[in-house]
Every structure is written in structure tokens, then in C-alpha cells.
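Peer 1: let me see the structure of the following:
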Amino acid sequence: MPDCHECPMHMQKHVHEITGSTRIFMECHNCHNHRFCGVSGEAKPIPGKQDHYHEVKIRTDFSDGHYHEIYGKTSGAIDVGCGKHVHFIKDFTQESDHHRHEFQVASLIDSPTDCMHK
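Peer 2: The predicted structure is shown next:
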């Protein structure tokens with residue numbers, strides 16, 4: 001059995017849950033929006049900084065006969081105290097059904113129940 005430090009889980013970085021809704025699309029009596037929920041990719045370093053970001057790839061719910069893909073990168077870490085942080089992302093969905101939606105969301109805190117003792 002391999003040493004714990006050789007296990008793939010030991011080498012993984014943290015991820016964040018991401019959940020939100022797109023802005024409402026209002027055109028030609030086609031008023032609707034989409035919800036999304038998923039998990040970011042693992043933390044990636046920001047070159048030249050003591051910070052990191054996450055890549056996001058999520059599909060919205062199926063509404064008004066279609067869904068949208070969300071691709072993007074989060075901001076760097078935003079400190080929320082007690083050794084915890086969140087990330088922000090503001091972008092547009094990929095086009096589907098001849099339109100796209102704007103969205104903005106803050107990630108949830110990584111490992112919210114893990115205690116950080118100092």
C-alpha cells in the first residue's frame with residue numbers, strides 16, 4: 001500500500017461549489033432565465049502572485065427549450081476571515097437559441113466545515 005503522501009488525493013487542490021442564476025433575457029416575449037450549480041476546477045496559481053483562481057465549466061438548467069454552457073475563470077481569492085475565502089466570476093453564457101445571458105456569482109466557501117485553528 002502506498003504512503004499517504006503518494007496518494008492522488010494528497011496532491012489535489014481545493015475546489016468550490018458554484019450556484020446561481022443568469023440574468024433574465026427579455027426579448028420578443030421570450031422572458032426567461034436559467035439556474036446553474038456545479039463545482040469549480042482545482043486551484044491554479046496566478047503567475048507572479050501568492051494567489052490562485054479556478055476554471056469553471058457548468059451547464060445551466062434546461063429552460064425555454066434550451067440550456068447554456070458557462071465557461072470562465074474566477075477572480076483571485078477574496079478573504080472572508082478565519083482562513084477561508086471565496087471567488088467571484090462575472091461573464092456571459094455561451095450562445096444558445098440565438099442569445100446569451102449575463103451572470104455574476106460568488107463561489108461558496110471551500111470546505112466550510114473544516115476548522116482552521118490558529
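Peer 1: below-threshold pLDDT in this structure: ranges please.
Peer 2: 1-11, 27-28, 112-113, 115-118 (pLDDT under 70).
Peer 1: change it to 80
Peer 2: The chain contains residues with pLDDT under 80 at 1-13, 26-30, 111-118.
Peer 1: strands of that one, start to end?
Peer 2: 17-21, 35-39, 44-45, 52-53, 55-59, 69-73, 78-81, 84-86, 88-92, 102-106 (DSSP state E).
Peer 1: comparing those, which comes out most buried?
Peer 2: strand 52-53 (a mean of 18; mean count of other CB atoms under 10 Å). All C-beta atoms are positioned from the backbone trio N, CA, C, and that covers glycine.
Peer 1: adjacent strands (with direction) for it?
Peer 2: strand 44-45 (antiparallel) (DSSP bridges).
Peer 1: so what touches the partner strand?
Peer 2: Residues outside strand 44-45 that contact it (CB atoms under 8 Å, 6 or more residues apart in numbering): 13, 51, 52, 53, 54, 55.
Peer 1: between those residues, which is nearest residue 107?
Peer 2: Distance to residue 107 across the contacts of strand 44-45 (CB to CB) is lowest for residue 54, with 7.4 Å.
Peer 1: so what's that closest one up against?
Peer 2: For residue 54, the contact set (CB under 8 Å, 6+ apart) comprises 15, 16, 40, 41, 42, 43, 44, 73, 74, 87, 107.
Peer 1: and if you look at residue 76?
Peer 2: Neighbouring residues of residue 76 by CB under 8 Å, 6+ apart: 46, 49, 51, 52, 53, 87.
Peer 1: for it, grab phi and psi.
Peer 2: phi -70, psi 180 (degrees, to the nearest 10).
Peer 1: can you redo the contacts of residue 54 as CSV with distance to residue 81?
Peer 2: Formatted as CSV, the contacts of residue 54 follow (distance: CB to CB, whole Å):
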residue, distance to residue 81
15, 20
16, 16
40, 21
41, 25
42, 23
43, 19
44, 24
73, 24
74, 19
87, 15
107, 16
